[in-house]
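S.K.: Provided below are the primary sequence and the corresponding predicted coordinates.
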Amino acid sequence: MDPDEVARRIQERLVAQGYTLEPATIAGLPSHVARKKFMHWPTLSSLHTFIAIGRAQGGNPLPYTSAVLDYAVTNKTGLPPGLQTGVLATAFLVVPTVDQASVEAVRQSSPPKRWAAMSSAVLVDASTNTYFTYQGRRVIGAAYTRIFTKTLTQTTENLLTPAR
């Protein structure tokens, strides 16, 4: 499938789930950013969820993920991060086809994080409709792993398949 078509389908799914969607250029890549705020009762904090969908010809998704996290922290409304509020940023980088070095980078490298802000990298292979993500265990921010997993599942279910 075409990377633009894959990105469009992800965007439509996010809008259907109640996210607001806006165009942006992140790390020089054409992107769309979906955002939603919700209450995380276990920590009594507001979480601002940002999901960016970028398109590229290939490459390591971690620099894009870091730029998405910076974008999310900069564009978050309300109190500063850490004052009963936090940021969760997921970066989908959709490429025509993946290379092994990029797959290994996303699977083995812990996604970037900041004070009261965490990210998750998702590398999408448009040619096979599969995605790759971090396979390690989060130590810092482990309480939010379920939220990242749930968000990824809700966003990709029946659209993309997790790579094994």
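M.R.: That came through fine.
S.K.: low pLDDT regions in this structure?
M.R.: Within the chain, the stretches with pLDDT under 70 are 40-45, 79-84, 113-115, 136-145.
S.K.: Could you pull out the strands in this protein for me?
M.R.: Using DSSP state E, the strands of the chain run over 20-26, 29-40, 45-55, 85-95, 113-114, 117-125, 130-133, 161-162.
S.K.: now the fourth one against strand 45-55, angle please.
M.R.: Put plainly, it is strand 85-95. Relative orientation of strand 85-95 with respect to strand 45-55: 20 degrees, computed using axes from the mean of the first three to the mean of the last three C-alpha atoms, to 10 degrees.
S.K.: Does anything pack onto strand 85-95? Which helices or strands?
M.R.: With contacts taken as 3 or more C-beta pairs under 8 Å, 6 or more residues apart in numbering; DSSP states H and E, strand 85-95 sits against helix 3-16, strand 45-55, helix 62-75, strand 117-125, helix 145-156. All C-beta spots, glycine's among them, are computed from the backbone N, C-alpha and C.
S.K.: Distance of the spatially most central residue of the chain relative to Ala117?
M.R.: The centroid of the chain falls nearest to Thr90 when counting by C-alpha atoms, centre = their mean (1.5 Å). Using C-beta to C-beta, to the nearest Å, Thr90 is found at 12 Å from Ala117.
S.K.: before we move on, what about Leu69?
M.R.: 6 Å.
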